[in-house]
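> predicted model follows, preceded by the sequence.
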2 protein chains.
Amino acid sequence: MTRATRTSPTLANVAAAAGVSRQTVSNVINTPGRVAPETRSRVQAAIETLNYRPNRVARSLRTRTSRLLGYCVQPAPVGMLNPVLDRFVHAITESAAEHGFHVLLFTAPAGAPGLDRYAELLAQQAVDGFVLSDTVVGDPRHGWLTAHGVPFSAFGRTWTGEDQGAWVDVDGAAGIGQAVAHVHAAGHRRIGFLGWPDGSGVGDDRLAGYQAGCRRFGVAPLVVRTDGGIEAGRTAAGGLLDRPDPPSALVCVSDLAAHGALRAVTERGLRPGHDIAITGFDDTPSAALPGIELTSLSQPIEQVGRAVVRMVLGPLGAAGPPTPPAGAAPHQLFEPTLVIRSSSHPKDDGGST
Amino acid sequence: MTRATRTSPTLANVAAAAGVSRQTVSNVINTPGRVAPETRSRVQAAIETLNYRPNRVARSLRTRTSRLLGYCVQPAPVGMLNPVLDRFVHAITESAAEHGFHVLLFTAPAGAPGLDRYAELLAQQAVDGFVLSDTVVGDPRHGWLTAHGVPFSAFGRTWTGEDQGAWVDVDGAAGIGQAVAHVHAAGHRRIGFLGWPDGSGVGDDRLAGYQAGCRRFGVAPLVVRTDGGIEAGRTAAGGLLDRPDPPSALVCVSDLAAHGALRAVTERGLRPGHDIAITGFDDTPSAALPGIELTSLSQPIEQVGRAVVRMVLGPLGAAGPPTPPAGAAPHQLFEPTLVIRSSSHPKDDGGST
């Protein structure tokens, strides 16, 4: 690797060659997204011509920042579809780059045992702050990071009602409300809900959206719980379908539960979108597959990623050491979009399977 | 954030408190995966009790390493399923941590324009090396990184036959060979192949595996090309199925192409696994869905991740500045596993749809 030596050109040399101020050169290096593209190109050309090598490590010592945001990647549970987090990682990486930051990935066990990894990274001054996801009820990270004055923001709430720091989330209740309104508008009056067990913040929120929808349209709630997998969804949906008064629409807490419901429906000789309407949540790639064509709620992950990065970088500022956030932490809630496919909307050609 | 001050405890204080050598404390901080869990816990407890803060930045200046590996995340093309890379990112993060490294994520345009981002990170001494994926024929990164003496390793070949540096890959030809052998053993003698257009290294490799399988079993090759999407797969498979002598088995270059083939098959009133066998490649989560149940080839991504990290960290060493690799770069090829489902294997209950 080419390395800086004592005879290396200086930042002042680059500024002179590009005909800009030293501050502008510094901006191109540290916060390129804030410099006009034309200026940035000129400075980058000068950097290349002179073979200028700003030393990020030496700068970190001066400014006491690493310009890195820590993000813990957790493996998707076996058999679960999690394309949402894949998109989220890309979104925060792109957004961080616009502010001159990069994302440092690490792994950690869930819950309190994982806090050691956060502490290690801070102890080493390896990161300036954290972006959290996979937040759960009673998540220990928020309190720990707040107590240590560490800047952070989260994709997802902790559902405790306490101060949770800065967060961005998708409004699951509003999304499920859209799904209920959609099937109600199509004429359905017996609308069932396949939910998760009590106690998961995300699941309880989506259930609340269903209950509010039932109240709004004056239909009786009909709720069954599943553990989240396809097979559990199939069993739970089957129980509803085999009732003497089966629902004609099933609003599901997730695409996985909906895949199970689709299976239960076709096993009984019913046609999704004709005999019964089915909706999911997350708009996973498999929702769009031929033979599946599942109506689902799409999360605006790119917007979530941008917002979460803005929130953690706020207290960090453009340069200099991070400071604890002052005042109430910001929150932002995005509404998902209902993507309507044939599982809830009869097609002209007579069936979706 | 709590920060080191001039009155902070030293590494020697921690060593004394934990009853270990200073080197052991250093190992716990820098390469925790190499320290016995019991010792590591004792040292971490001492670090916590004393509130010791090793300064990663100061250490980076001393050792001239960042202990970070750069990895460029690229967004999956719209509508494409790419759970493979999600698992890969997790695998390299976990493997890097075992060696005391973390992964720095960045984004860059594909091809030569993206090299600027690699150059910036090196100029800033932000990373010690790179892990590459999404390699393509004529990928400019390998030559550039080699010319600059930068340690790197890649998931995927460049298919040029030239020196490509260190790489790990999955043997697509061998995998497709397994699929051909599987359908041949089930009695199929008209075996078609849905491939990608000429010129993609991965697609050409998988086609070569199909052709070798045909030679091995003495069956006539029957190849159609698709652009990789579901709709293209549906059209291409339809063309084969509508021939006067249609194939009774379709080996597909990807799960996406296979989803299209499944659609073409069911549209013609044929039952996958009964009237015709279908296989895919990648074992994406949707392959296992009820109503799909696609036989597919699973890539050993966790093994690939571990191997690729070992390869890039080899020249980097456990500590000290990176050195260019000496001698021939290592290569490693893993064979995928055929996961057999009902799309190629009749079920007892009489059908997969």
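Everything's here; your move. Residues are numbered from 1 along each chain as shown, chains lettered A, B, ... in the order given.
> what about residue A:50, neighbour count?
Residue A:50: 16 surrounding residues under other Cβ atoms under 10 Å in any protein chain shown. To be clear about C-beta, it is placed using only N, CA and C from the backbone, and glycine gets the same treatment.
> let me fix that, I meant to ask about residue A:169.
Number of residues near residue A:169 (other Cβ under 10 Å) recorded here: 22.
> quick one: residues contacting the nearest residue to residue A:94 once chain neighbours are set aside.
Nearest non-adjacent residue to residue A:94, counting by Cβ to Cβ, 6 or more residues apart in numbering or on different chains: residue B:107, 5.1 Å away. Contacts for residue B:107 (Cβ atoms under 8 Å, 6 or more residues apart in numbering or on different chains) come out as A:90, A:93-94, A:97, B:72-74, B:117.
> sheet partners, orientation included, of the helix or strand containing residue A:192?
Of the helices and strands defined by DSSP states H and E, residue A:192 is found in strand A:191-195. Sheet pairing of strand A:191-195 (DSSP bridges) gives strand A:223-225 (parallel), strand A:249-252 (parallel).
> pick the most deeply packed of these.
strand A:249-252 (a mean of 30; mean count of other Cβ atoms under 10 Å in any protein chain shown).
> can I get the CA coordinates of it in PDB?
Extracted in PDB, the C-alpha atoms of strand A:249-252 (Å, rounded to 0.1, in the frame of the first residue of the first chain):
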ATOM      1  CA  ALA A 249     -60.600 -12.100   4.500                       C
ATOM      2  CA  LEU A 250     -57.400 -12.700   6.500                       C
ATOM      3  CA  VAL A 251     -55.200  -9.800   7.400                       C
ATOM      4  CA  CYS A 252     -51.800 -11.200   8.400                       C
END
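> do the following helix or strand past that strand and chain B meet?
Using DSSP H and E, the helix or strand that directly follows strand A:249-252 along the chain is helix A:255-267. Yes. Judged by Cβ under 8 Å from any Cβ of the partner chain, helix A:255-267 and chain B are in contact via A:259-260, A:262-263, A:266.
> so where do the helices sit in chain A?
A:11-18, A:22-30, A:37-50, A:56-63, A:83-98, A:115-123, A:140-147, A:172-185, A:201-217, A:230-241, A:255-267, A:301-316 (DSSP state H).
> quick check: the closest residue to residue A:87 other than its chain neighbours vs residue A:283, distance?
In this structure, residue A:87 finds its nearest non-sequential neighbour in residue A:301, 4.3 Å apart by Cβ to Cβ, 6+ apart. According to Cβ to Cβ, to the nearest Å, residue A:301 stands 10 Å off from residue A:283.
> state the phi and psi torsions of residue A:151.
phi -60, psi 130 (degrees, to the nearest 10).
> doesn't residue A:128 make contact with it?
Yes. Applying Cβ atoms under 8 Å, one finds residue A:151 in contact with residue A:128, separated by 6.8 Å.
> comparing those two, which residue is more hemmed in?
Using other Cβ under 10 Å as the criterion, residue A:151 and residue A:128 rank with residue A:128 on top: 27 against 24.
> could you measure from that one over to residue B:43?
25 Å.
> returning to what we had before: could you measure the residue nearest to residue A:94 against residue A:35, distance?
17 Å.
> now do residue A:21
11 Å.
> one more: residue A:200?
Taken as Cβ to Cβ, the span from residue A:200 to residue A:35 is 44 Å.
> so which of the two has more stuff around it?
residue A:35 (21 against 17).
> torsion angles phi and psi at the more buried one?
phi -110, psi 140.
> show me what contacts it?
A:24, A:27-28, A:43.
> ok, now residue A:330?
Taking Cβ under 8 Å, 6+ apart, one finds A:166, A:311, A:314 in contact with residue A:330.
> averaging pLDDT over each of the helices of chain A, which comes out lowest?
Within the helices of chain A, confidence is poorest for helix A:56-63, with a mean of 57 (mean pLDDT).
> spell out which parts of the stretch 251-353 of chain A neighbour chain B.
So the stretch 251-353 of chain A meets chain B at A:259-260, A:262-263, A:266, A:285-286, A:288-292, A:321-322, A:353 (Cβ under 8 Å from any Cβ).
> buried ones only from the residues you listed, please, as a ChimeraX command.
Restricted to buried positions by 16 or more other Cβ atoms under 10 Å in any protein chain shown, the ChimeraX selection for these reads:
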select /A:259,260,262,263,266,285,286,288,289,290,291,292,322,353
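> what does the pLDDT read for residue A:163?
Value for residue A:163, per-residue pLDDT: 69.
> can you give the domain ranges for chain A?
As assigned by automatic domain parsing, chain A contains the domains A:68-164+A:301-334, A:172-299.
> tell me which of those sits nearest to residue B:343.
For residue B:343, the closest of the domains of chain A is domain A:172-299, at 11.8 Å, according to Cβ to Cβ.
> now do that closest one: distance to the chain's middle.
Distance, stretch centre to chain centre, for domain A:172-299: 22 Å (Cα atoms, centre = their mean, to the nearest Å).
> re the thing from before, can you pick out the most distant pair from the contacts of residue A:35?
A:27 and A:43 (8.6 Å).
> more neighbours: which of the two?
residue A:43 (25 against 21).
> out of everything not next to it in sequence, what's closest to the more buried one?
Spatially, and ignoring its direct neighbours in sequence, residue A:43 is nearest to residue A:28 (4.3 Å; Cβ to Cβ, 6+ apart).
> ok so, going back, deepest-packed of the domains of chain A, please.
domain A:172-299 (a mean of 21).
> compute the first-to-last residue distance for that one.
9 Å (Cα to Cα, to the nearest Å).
> same question for stretch A:267-284.
OK, stretch A:267-284 end separation, Cα to Cα: 23 Å.
> which one is residue A:214 nearest to, not counting chain neighbours?
residue A:221 (4.6 Å).
> hmm, residue A:211 and that neighbour touching each other?
Yes. Counting by Cβ under 8 Å, residue A:221 touches residue A:211, with 5.8 Å between them.
> residue contacts, the residue lying closest to residue A:155 once chain neighbours are set aside?
Closest residue in space to residue A:155, ignoring its immediate chain neighbours: residue A:133 at 4.3 Å, by Cβ to Cβ, 6+ apart. By Cβ under 8 Å, 6+ apart, residue A:133 lies in contact with A:71-72, A:85, A:88, A:154-156.
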